[in-house]
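A.B. asks: The sequence and its predicted three-dimensional model are supplied below.
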Amino acid sequence: MLLNYSWPGNVRELENVIQRAITLSHHGVVLPDDLPASFIQKTDEKLFERAVEKKFTLDQLEKEYIKRVLIEPGGNKSKADEVLKTFYRKLQEE
């Protein structure tokens with residue numbers, strides 16, 4: 001993920017991302033969840049295209065979507081819950 005990112009902020013941005021990840025990591029190892037949500041989204045913006053290419057099942061696509069929704073508000077489950085409730089309500093309306 002670090003290699004695939006374009007680094008528009010150059011070295012300063014890289015330094016900030018690494019320092020933040022180390023500070024937030026609870027594992028002794030930096031994991032993707034320790035990186036900023038915006039960083040993760042930029043490295044994998046085309047979820048649907050990837051899902052079609054790899055022939056995801058609807059369940060797999062739904063799980064990936066839920067992961068993205070949880071990442072966006074920094075793991076705040078109540079905010080993610082609001083987004084998911086809206087998503088499912090719109091699906092039922094169709």
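C.D. replies: That came through fine. Just so it is clear, the structure is predicted and the values come from calculations on it, not from any experiment.

A.B. asks: was I right about R20 contacting A37?
C.D. replies: No: with contacts counted by CB atoms under 8 Å, R20 stays clear of A37, the gap being 11.5 Å. C-beta coordinates here come from the backbone N, C-alpha and C atoms, glycine included.

A.B. asks: Show me what counts as buried in the longest helix along the chain.
C.D. replies: In the chain, taking DSSP state H as the definition, the longest helix is helix 77-93. For helix 77-93, burial by neighbour count (16 or more other CB atoms under 10 Å) applies to A80, V83.

A.B. asks: So which other helices or strands are in contact with it?
C.D. replies: helix 58-71 (3 or more CB pairs under 8 Å, 6 or more residues apart in numbering; DSSP states H and E).

A.B. asks: quick one: the helix it packs on to chain centroid distance?
C.D. replies: Put simply, helix 58-71 sits 9 Å off its chain's centre (CA atoms, centre = their mean, to the nearest Å).

A.B. asks: Could you point out the helix or strand that follows the worst-scoring helix or strand of the chain on mean pLDDT?
C.D. replies: Every helix and strand of the chain was ranked by mean pLDDT, DSSP states H and E. The lowest is helix 37-43, at a mean of 62. Note on helix 37-43: by DSSP states H and E, the next helix or strand toward the C-terminus is helix 47-53.
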